[in-house]
Structures are given as C-alpha cells and as structure tokens.
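Undergrad: requesting a structural model of the entry that follows:
(2 chains)
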Amino acid sequence: SQKIEQNSEALNIQEGKTATLTCNYTNYSPAYLQWYRQDPGRGPVFLLLIRENEKEKRKERLKVTFDTTLKQSLFHITASQPADSATYLCALDMRAGTALIFGKGTTLSVSS
Amino acid sequence: ETGVTQSPTHLIKTRGQQVTLRCSSQSGHNTVSWYQQALGQGPQFIFQYYREEENGRGNFPPRFSGLQFPNYSSELNVNALELDDSALYLCASSLELDESGEQFFGPGTRLTVL
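TA: All right, here's what the predicted structure looks like:
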C-alpha cells in the first residue's frame, strides 16, 4: 500500500541546535517533494521544494535532502530558534500543480 | 497582491445539515484545491478545480462537491453532514503551469458538526 510517514510526531530541541525531521514514503514516485510549516489554527506555509533529480536544496537556515533510492527526505533547520516552533509537513507532488499528498507532520518545539 | 482568503472562519452545524465554504484564490491563480485536515493529521486532498472544471478528486464521497467561478473563486459544499466531517477545511491556490508546484493556502474554515 502507499504510505507517507514522518517518523517523529514531536521533536524537542534546544535553541541553537540543528533540528532534523524525516519523511519516508512507500510505493510513490513523486516528481517533487515539498515542505510546509503550519502554526496552530493556520494554513500551511510553503518552505522549500526539491525535485526528484536534486539531492539537496538550501534556503537560509533550511536544508532539504531527497534520496529517491531510499525514498526519504530529510529537513534540517540549523541554529534553531524558539520562533521555529511549529508543525512541519512534508508533501509529495506527483507533478507540478497537482494535488499534494501530506504526511501527518512533526511538531517541533525549540526551547531557549 | 492579496493572499488566499476563506470564509467563514468557524462554523457549527448539526448532523444531516448542509454547509457551503468559500475561498478566494490568490491573484492570478487559476487552480484551486480543497483539503480536509482532521485534528493531529495532515491535510487530505478532496478535489481540485482548474478553469472551472474538476481536475482531480481524492477519496471523498459524492456528498462533497465543489464549484469554481470565472473569477477563480471557489466553493466547497458538503451535504448530509456527519460527525466525522468535523475538521479544518483548507483551500489552496496555485498556477497550474507553475513549475514550482508551490500551493498557497488560506487560513482555513474550522467546521464542527454536532
């Protein structure tokens, strides 16, 4: 069966450390993988997109890797801050502009 | 440039009733997708509209229906409400031919069915 899993429901780290979130999928062949941030009671906000032929993408303190052999994406936030506390969702995109298939999300808490 | 807006913000209905939720797309976007997000879950795709036509549908029964208007705003209609329909309903707009695939989400409508 097809599955998308974000391995940790919750992740607690100290300010300044690097947060690493994992997204694994089974029986999908996404063209893209996207990461979104969602704050309580709000809609998801786009962070980064990585294509199937890209290994790594960076944006400021964010880094995403994509391994289509392992069927896994890692999302890193370096020098984390309390303001980074939120739920992070990974989403598979079979083709640009089509429906996204979301994981359940990982709730990150950064303590000062 | 205005973002995606949704109305109402919150809604309480009883079982068996019908509800209509509304969404205004981001300026210039011709594709709208609707998602249902239950508490503690990721958004689940309901359907997508492109240029007023349904362009894909997720695993939701026919009592979930939609419309897209010429100005690309959209409605989600749910008939015969059930308790399990209680969720945050999200609308997202995108440019169908946009290489990035990024979707712009609205703040959602929180529906409670009693």
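Undergrad: does chain B sit close to stretch A:10-30?
TA: No. Using CB under 8 Å from any CB of the partner chain, stretch A:10-30 never reaches chain B; the gap is at least 10.1 Å. Bear in mind the C-beta positions are built from the backbone N, C-alpha and C, glycine included.
Undergrad: stretch A:98-112 too?
TA: Yes. Against chain B, stretch A:98-112 shows contacts by CB under 8 Å from any CB at A:98, A:99, A:100, A:101, A:102, A:103, A:104, A:105.
Undergrad: in this structure residue A:7 contacts residue A:24, no?
TA: Yes. Residue A:7 lies in contact with residue A:24 (CB atoms under 8 Å); the separation is 6.7 Å.
Undergrad: next SSE downstream of the lowest-mean-pLDDT helix or strand in chain B?
TA: Lowest by mean pLDDT, DSSP states H and E among the helices and strands of chain B is strand B:53-57, with a mean of 90. Going down the chain from strand B:53-57, the next helix or strand is strand B:64-68, by DSSP states H and E.
Undergrad: which of residue A:7 and residue A:24 has more neighbours?
TA: Between residue A:7 and residue A:24, counting by other CB atoms under 10 Å in any protein chain shown, residue A:24 is the more crowded of the two (17 against 12).
Undergrad: if we can go back for a sec, ok now the least confident helix or strand of chain B, how far from the chain's centre?
TA: Taking CA atoms, centre = their mean, to the nearest Å, one finds the center of strand B:53-57 at 12 Å from the center of the full chain.
Undergrad: what's the helix or strand for the spatially most central residue of chain B?
TA: Geometric centre of chain B, nearest residue: residue B:34, 3.0 Å, by CA atoms, centre = their mean. Assessed by DSSP H and E, residue B:34 sits inside strand B:31-37.
Undergrad: which stretches in chain A count as helices?
TA: Using DSSP state H, no helices are found in chain A.
Undergrad: low pLDDT regions in it?
TA: Low-confidence segments of chain A, defined by pLDDT under 70: A:96-97.
Undergrad: and for residue B:45, the neighbour number?
TA: What residue B:45 shows, counting by other CB under 10 Å, is a neighbour count of 21.
Undergrad: now residue B:95
TA: Neighbours around residue B:95, by other CB under 10 Å: 18.
Undergrad: that one - nearest residue in space that isn't next to it in sequence?
TA: residue B:29 (5.6 Å; CB to CB, 6 or more residues apart in numbering or on different chains).
Undergrad: wait, doesn't the one you found sit right on residue B:73?
TA: No. Look at residue B:29 against residue B:73 with CB under 8 Å: they stay out of range, at 10.5 Å.
Undergrad: list the beta-bridge partners for residue B:23.
TA: Following DSSP bridges, residue B:23 is listed with bridge partners residue B:6, residue B:74.
Undergrad: what's near enough to touch it?
TA: Taking CB atoms under 8 Å, 6 or more residues apart in numbering or on different chains as the criterion, residue B:23 is in contact with B:4, B:5, B:6, B:32, B:34, B:73, B:74, B:75, B:76, B:91, B:93, B:106.
Undergrad: quick check: the gap between the first one and residue A:88.
TA: Spelled out, that is residue B:4. Residue B:4 sits 20 Å away from residue A:88, going by CB to CB, to the nearest Å.
Undergrad: just the second one next, same as before
TA: Counting by CB to CB, the gap from residue B:5 to residue A:88 is 24 Å.
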